[in-house]
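Participant: missing the sequence, but the structure's below:
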């Protein structure tokens, strides 16, 4: 059976009577209570790596003023990670403003009956959990909006955003940047012969094989039905050409298995060098190189660069002698 440790509730006050009233209430709320007697000790506990699940602060806490204490907590690079409840004798304009701004999560008057405190603590904790869940859902939705639903790689909009960001980096730091565009030869034929579901599986397998060859900071995305783009930060044209050769060898020279079928695919590749220019221009150059590669025949690699030597003629790769009967046309 999995045993979880109870959450830690920080109780910061120097008044024995208030501590005696509040501590049992926090224990009843399911927490382990850590009592501190000064503002400095409270700040240390709240900025610790294992922050409390709830902080209850007495505004009469000795040491630095509570307003300064709250400002120090908000200055933490990790941000405000837990709810804060303030115990005070009266609700001043300052505390009302802090509550409205979300600096504190609740204000409880010192004269409140202890039986009512438990309800307020439970409400604050519940509201904080709901806010965290909503933030997680929002982050997940943002991430999903950047991904292609079929293959799980970046979609066109996310790729363009990445390309613009990397171009800014090239302009500032004078780094290298290339893009590599490729699409599957005669994919429409395979779609009509194998069906959409089988071809979707082929695309997923292509993505898996391709991703294995990339660095952690390269970006792979799907631009169209069977067209993919790789953004290669810090990569010059010669290295981009070497990657295209590896893709031709390691991704497309071996057959793909779809159900009981073994399918031999090929692709054409178009490359372009950023040189800090507009991503729209560079992407257009890669598309033009890809068009020329298609015209030259399957498995052609073409770069948009007049100064580079012409690409070698297409190489025909034979499948391993695995006994598989490859589909062909």
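Facilitator: Perfect, thanks for sending it. Given the structure is predicted, the values throughout are model-derived calculations rather than measurements. Numbering: from 1, shown residues only.

Participant: in this structure, which spans are helices?
Facilitator: Ranges of helices in the chain, per DSSP state H, are 16-28, 39-46, 66-74, 93-101, 114-145, 156-173, 187-194, 196-211, 237-246, 279-296.

Participant: in terms of mean pLDDT, which of the ones you listed ranks lowest?
Facilitator: Taking each of the helices of the chain in turn, the lowest mean pLDDT turns up on helix 114-145, with a mean of 77.

Participant: list the buried residues for that helix?
Facilitator: Within helix 114-145, the residues scored as buried using 16 or more other C-beta atoms under 10 Å are 117, 120-121, 124-125, 128. Any C-beta I mention is one placed from the backbone N, CA and C, and that applies to glycine too.

Participant: most widely separated two among these?
Facilitator: 117 and 128 (16.5 Å; C-beta to C-beta).

Participant: quickly list the domain ranges of this protein.
Facilitator: The chain breaks down into these domains under automatic domain parsing: 8-144, 156-327.

Participant: would you format these as a markdown table with distance to residue 150 included?
Facilitator: Below are these laid out as a markdown table (distance: least, C-beta to C-beta, whole Å):
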| stretch | distance to residue 150 |
| --- | --- |
| domain 8-144 | 13 |
| domain 156-327 | 6 |
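
Participant: excluding its backbone neighbours, what's nearest residue 65?
Facilitator: residue 39 (7.7 Å; C-beta to C-beta, 6 or more residues apart in numbering).

Participant: pretty sure that neighbour contacts residue 59?
Facilitator: No. Assessed by C-beta atoms under 8 Å, residue 39 is found out of contact with residue 59, at 10.3 Å.

Participant: next, show the common contact partners of the two.
Facilitator: residue 66 (C-beta atoms under 8 Å, 6 or more residues apart in numbering).

Participant: and residue 52, how many neighbours?
Facilitator: 24 (other C-beta atoms under 10 Å).

Participant: in contact with it, which residues?
Facilitator: Residue 52 touches 7-10, 34, 45-46, 82, counting by C-beta under 8 Å, 6+ apart.

Participant: look up how far residue 81 lies from it.
Facilitator: According to C-beta to C-beta, to the nearest Å, residue 52 stands 9 Å off from residue 81.

Participant: just grab the bridge partners of residue 233 for me.
Facilitator: residue 177 (DSSP bridges).

Participant: just the pLDDT at it, thanks.
Facilitator: 95.

Participant: test my guess that it contacts residue 177.
Facilitator: Yes. With contact defined as C-beta under 8 Å, residue 233 counts as touching residue 177 (5.7 Å).

Participant: among the contacts of residue 52, which one has the most neighbours?
Facilitator: That'd be residue 9 among those, by other C-beta under 10 Å, with 26 neighbours.

Participant: partners of that one in the sheet?
Facilitator: With DSSP bridges as the rule, residue 9 is bridged to residue 33, residue 54.

Participant: my read: it touches residue 56, true?
Facilitator: Yes. Assessed by C-beta under 8 Å, residue 9 is found in contact with residue 56 at 6.9 Å.

Participant: overlap of the contact sets of these two?
Facilitator: By C-beta under 8 Å, 6+ apart, the residues touching both residue 9 and residue 56 are residue 26.
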